[in-house]
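**Student:** need coordinates for the below:
(chains A and B)
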Amino acid sequence: MIKMVNDVRIVGAGQAKYSKASGRTIPQLIHEAGSAALLNAGLEWNTVDGLAVTSFLLPPDNSATIAEQFGLEPTFLFQGLYGGASGIIGLNHAARAIREGACDVALIVAADAFNVESHNNTLDHFNGSVRDFMSPQGFGGANGMFALHTRLYMERYGAIVEDFGNFCVSLRKNAMLNSNALLRNELTLEAYLNAKKIADPLRLFDCVMPCAGADAVVLVSERIANKTRGTPVRILSGAEIHNAHKNDIYSNPGGWDKFKDSFFDQARISPSDLDFAQIYDDYPVMAFYQLEGLGITSPGKTAEFIMKNGITTKGRFPVNTGGGQLSAGQAGASGGMIGLYEAVTQLRGEAGERQIKCKTGVAAGYGMVAYGRGVSSSAVILQRDD
Amino acid sequence: MKPQPRINSLTQPFWQGVNEDKLLVQQCEEISCNRHIFYPRASCPFCFSPHLRWVEAIGEGFIISNTTIHRPHHDGFIEECPYVFAAIQLAEGPCVYGKVINAPIDTSLVNKPVSVKFEFHSSIQKIPVFVLLD
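**Tutor:** Modelled structure (predicted):
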């Protein structure tokens, strides 16, 4: 007898309201985003039997105690400990769990509530190597760490600060169509260049604004998908890698190039088949490394690609159609879910004013900054199922 | 007060060395490996050997990349801003991080040679910093 394999569908996406100051606890933010995603799917909380939670500020609580607080009885549980790579990793793990029959309705959610001070404080003790061998030495937090990669990218490819500026300006145009983005006033290249220096060559608008927020998606088995509302989304491929380029982190601070070939082979598509990319934009240089690592652009040619094609919702290859973290704000670990939320929302045709024409897209995550770069990279290829 | 390193059985030789104006790094004792390692590890990340010894680095290297910190991550550094912070590749191979105390701000110093110097970080603990050589 042939064993039936459950396939999976993403059937809902939701966000908590993004805000500068929260006033909301992490469980409240998780609940707000989770409720929005379930409502979007047409499902009730009592159907949830799988839960993946990512939040830096969750301790002393954890994913099991969140299940307890919400009155869930899950048979699949995941807690993301890989920062901004975790949301997509949680989705991929939940997909495996559903395919193996471990659960039917998995809620994947990330939430945090940061300001500049608490963000720096968290990063200061992020892990042993940062705490003992970068922070006392005055590394400048994530800004300083990624300023080093930005400088090196400029040296290696002859990139100029305007290249990163054009990326930020485009994302701001996208954010202006997103009511849940925190930075919605127009950003000109001149204003970008005149902004105060944070960690040379990074200026203010190269750095994400820490904020409060939460993002969630609902992943279900195929048989449940028929009972939900809206257009389901298929997962064509998912991947993660940790500690890539371990002996030469300054050659490439991410790991997408390491899994690109098998990632697209599994999806049976090529990068040119993608209609959009929702990537982890904690700093413009990391967005460049992601587009290049995934094979969407060639190494060193991302700025040229942006100018030639356009990455706004009106462009030929839209990137971070909700404004990304750079314009929506970075709600801690939820920065790793905001792209996934946006990808699902676009593919379901529910993006309102900023809706683009799309069938297939990629979302990527990056996180857990350690000794000089983020250790964890993830990505998923999604396709509208109609 | 600036953020302080946590000193434990793994990191103690390094921080004691710094207080004696020595830059210590680990070296894998496997003859076939012999790689130098930093930050301190429980095992060799190149060949997985658990046998590591502490050796003194010559204290020279070059700048992999640098930044000028205008907005520090910690209030303890506010008075020193702007200052130059860099990733440095030691002659022995490993990457270490530190301030470059005599460098011009807001300029690329990639590939410039540096040597180590030791400054007081607190009343009881020194820390390595770097001096631009040309």
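**Student:** which parts of chain A sit against chain B?
**Tutor:** By C-beta under 8 Å from any C-beta of the partner chain, the residues of chain A that approach chain B are A:120, A:123-124, A:128-129, A:131-141, A:143-144, A:147-149, A:151-152, A:154-155, A:196-202, A:246-247, A:249-250, A:371-372. From N, CA and C alone the C-beta is placed, and that goes for glycine too.
**Student:** now the buried members of those residues.
**Tutor:** A:120, A:123-124, A:128-129, A:131-141, A:143-144, A:147-149, A:151-152, A:154, A:197-202, A:249-250, A:371-372 (16 or more other C-beta atoms under 10 Å in any protein chain shown).
**Student:** just those: which are in helices?
**Tutor:** A:120, A:123-124, A:128-129, A:131-133, A:141, A:143-144, A:147-149, A:151-152, A:154 (DSSP state H).
**Student:** tell me which element A:Val218 is part of?
**Tutor:** Per DSSP states H and E: A:Val218 is located in strand A:212-221.
**Student:** A:Ser237 too?
**Tutor:** With DSSP H and E as the criterion, A:Ser237 is inside strand A:233-242.
**Student:** mind listing what whichever residue of chain A sits closest to chain B touches?
**Tutor:** Scanning chain A for proximity to chain B using C-beta to the nearest C-beta identifies A:Gly141 as nearest, at 3.1 Å. For A:Gly141, the contact set (C-beta atoms under 8 Å, 6 or more residues apart in numbering or on different chains) comprises A:His119, A:Asn120, A:Leu123, A:Asp124, B:Pro72, B:His73.
**Student:** spit out the contact partners of the fifth one.
**Tutor:** Okay, so that is B:Pro72. The contact partners of B:Pro72, by C-beta under 8 Å, 6+ apart, come to A:Gly138, A:Gly140, A:Gly141, B:Ile78, B:Glu80, B:Cys81.
**Student:** tell me the predicted confidence for it.
**Tutor:** Listed pLDDT for B:Pro72 reads 96.
**Student:** could you look up the SS state of it?
**Tutor:** coil (DSSP: H, G, I helix; E, B strand; the rest coil).
**Student:** for the residue with the largest distance to the centre of chain B, helix, strand, or coil?
**Tutor:** If you look at how far each residue of chain B sits from its centre, by C-alpha atoms, centre = their mean, the farthest one is B:Ser32, at 25.8 Å. When classified by three-state DSSP, B:Ser32 comes out as coil.
**Student:** burial count for the closest residue to it other than its chain neighbours?
**Tutor:** Nearest residue to B:Ser32 in three dimensions, chain neighbours excluded: B:Cys47, at 7.1 Å (C-beta to C-beta, 6 or more residues apart in numbering or on different chains). Residue neighbour count, defined by other C-beta atoms under 10 Å in any protein chain shown, stands at 13 for B:Cys47.
**Student:** same thing with the one 3 residues further on?
**Tutor:** By the measure other C-beta under 10 Å, the count of residues near B:Pro50 is 11.
**Student:** follow-up on the earlier one: between the contacts of A:Gly141, which is nearest A:Ser179?
**Tutor:** A:His119 (24.1 Å; C-beta to C-beta).
**Student:** touching, that closest one and A:Gly332? I think so.
**Tutor:** Yes. Taking contacts as C-beta atoms under 8 Å, A:His119 lies within contact range of A:Gly332: 7.4 Å.
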